[in-house]
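Undergrad: Test case, fold it:
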Amino acid sequence: MPMEIGNGTTVQEFTLEGFPAIQHLGKVLFLVHLLAYLASITGNAVIVTITCADSRLQTPMYFFLSTFSFFECCFISAVIPKLLVIFLLGRQTISFLACFIQAFVFVYLGAAGFLLIAVMSVDRYMAICKPLHYPTIMNLKTCFLLVTACCVLAFLLITGLIVKVSQLSFCGPNVIPHFFCDLGSLIHLSCSNTRFVEMLAFVIALFIILTSLIITIIAYSNIVVTIVRLPSAKERQKAFSTCSSHFIVLSLIYSSCVFIYVKPKQTNRLDSNREAALVHMVVTPLLNPVIYTLRNKQVHQVLRETIKQELLVRMQRKRNPLTLLVGV
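TA: Purely as a prediction, here's the structure:
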C-alpha cells in the first residue's frame with residue numbers, strides 16, 4: 001500500500017512514458033543517444049579543460065564560455081542517462097524524490113544558462129562598444145560575481161517553484177507523457193488546484209527568458225551599430241568574429257525554446273514537445289563546442305599546440321620508456 005507523502009500525496013513513483021511508438025528500436029536509439037551524449041560531454045569538457053589549462057584563454061569571454069559549457073554538461077547529464085536506461089532496459093519508473101530532483105536540476109540549470117547568456121552578451125558589448133573600459137570593468141572578480149549572481153538568482157527562483165510543486169497532492173495518474181520529469185507534466189498530474197502554481201511557473205519562466213532576451217537584444221543592437229560605424233572592413237570583420245559564435249549559439253537556444261513552448265494550439269503539445277525537447281537537449285549542447293571551436297582561430301591554435309605537445313610527449317616516452325620510471 002502506498003504511503004502518504006507530504007500534503008496528501010499517495011504517489012510513490014512516476015512512470016516516464018518516453019517514446020512508446022519507437023520503443024522497439026530501443027537498442028539502436030540507446031547507441032545513437034549514447035554516442036551523441038558522449039560527444040556532447042567530450043566537446044564541452046574540452047572547452048572547459050583548455051580554458052583552465054592555457055593562460056591565453058583565461059579571459060572574461062572564455063571564462064563565461066567554459067562556465068556555460070560546464071552548465072551544458074550538467075544539463076544533459078540530468079536527463080540523458082535516465083533516457084538511456086529507458087531505451088536499453090525499458091525501466092521507465094522513477095521515484096517521487098528522484099523525479100523532483102531531476103526536475104529541479106533541469107529547470108535550475110536551464111534558468112542559470114539563460115541568465116548566463118545575457119551576461120555573455122553584456123561581455124561582448126563591453127569588449128566591442130567600450131574597449132578602453134573593458135579591461136578595468138570586466139576583471140576576474142567581476143566575472144566571478146556575475147556568474148555567482150546568475151546561479152544564486154536562478155536557485156532562489158527555481159527552489160521556491162519546485163517546493164510549491166512538491167507540496168501539491170499526487171493521488172491519481174502517475175504516467176508522465178515525456179522522457180524526463182518535466183515540471184509542466186508534473187503539475188498537470190496533480191489532484192490539487194494548480195492554478196496558482198501554474199501562474200507562478202509562467203511568471204518565473206517569462207521573467208527569466210524575457211530578461212535574458214531583452215538584455216541580449218539591447219547588447220547586440222549596440223554591437224551591430226558600433227561595428228557598422230567602424231572605418232575599415234578589416235576592423236568590422238575582426239569585431240564581428242569575436243561575437244559571431246556566441247550569436248549563433250544563442251540563436252539556436254532561443255529558437256529551439258520558442259519552437260518547444262510557443263504553440264498556437266495546446267492540443268497534443270506535449271507529444272510534439274518530446275521530439276523537440278530531445279533535439280534541444282542532445283543536438284544543441286553538441287553543436288555549441290563545435291561552433292565555438294570551428295569559428296575561433298585562437299581555440300584552433302591552442303588545440304593544435306596541445307595535441308602536438310601531447311603527441312611529442314608520447315613519442316618521447318615510447319623512445320625512452322625509462323623516463324616513466326625516473327620521472328624525466
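
Undergrad: And for Leu244, the neighbour number?
TA: Not quite, residue 244 is Ser, not Leu. For Ser244, the neighbour count with other Cβ atoms under 10 Å is 15. In short, each C-beta sits where N, CA and C put it, glycine included.

Undergrad: Looks to me like it is in a strand.
TA: No: assignment of Ser244 by DSSP: H, G, I helix; E, B strand; the rest coil gives helix, placing it outside any strand.

Undergrad: quick one: it from Leu250, how far?
TA: Separation of Ser244 from Leu250 (Cβ to Cβ, to the nearest Å): 11 Å.

Undergrad: wait, is Phe170 part of a strand?
TA: No: going by three-state DSSP, the assignment for Phe170 is coil, not a strand.

Undergrad: Now it: closest residue in space, sequence neighbours ignored.
TA: Leaving aside its sequence neighbours, Phe170 sits nearest to Val11 (Cβ to Cβ, 6 or more residues apart in numbering; 4.0 Å).

Undergrad: Model confidence at that neighbour, what's the number?
TA: Listed pLDDT for Val11 reads 73.

Undergrad: Just to be sure, it is in a helix?
TA: No: judged by three-state DSSP, Val11 forms no part of a helix; its state is coil.

Undergrad: Give me the below-cutoff pLDDT ranges for the stretch 1-150 of the chain.
TA: Under the criterion pLDDT under 70, the flagged ranges of the stretch 1-150 of the chain are 1-9, 23.

Undergrad: could you pull out the helices for it?
TA: Assigned by DSSP state H, counting those that start in this stretch, the helices in the stretch 1-150 of the chain fall at 26-53, 60-77, 80-89, 96-129, 134-137, 140-166.

Undergrad: closest one to Gly172 among these?
TA: helix 96-129 (14.0 Å; Cβ to Cβ).

Undergrad: name the helices or strands packed onto that closest one?
TA: Secondary structure elements in contact with helix 96-129, counted by 3 or more Cβ pairs under 8 Å, 6 or more residues apart in numbering; DSSP states H and E, are strand 13-16, helix 60-77, helix 134-137, helix 140-166, helix 183-189, helix 195-229, helix 233-261.

Undergrad: let's see it at 7 Å
TA: Secondary-structure packing of helix 96-129 (3 or more Cβ pairs under 7 Å, 6 or more residues apart in numbering; DSSP states H and E): helix 60-77, helix 134-137, helix 140-166, helix 183-189, helix 195-229, helix 233-261.

Undergrad: Put together TSV for those, with distance to Pro20 on each row.
TA: Listed next are these as TSV, based on distance: least, Cβ to Cβ, whole Å:
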stretch	distance to Pro20
helix 60-77	22
helix 134-137	53
helix 140-166	25
helix 183-189	15
helix 195-229	26
helix 233-261	20
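
Undergrad: Packed most tightly, which of those helices would that be?
TA: The highest mean neighbour count among the helices and strands packed on helix 96-129, using mean count of other Cβ atoms under 10 Å, belongs to helix 60-77: a mean of 22.
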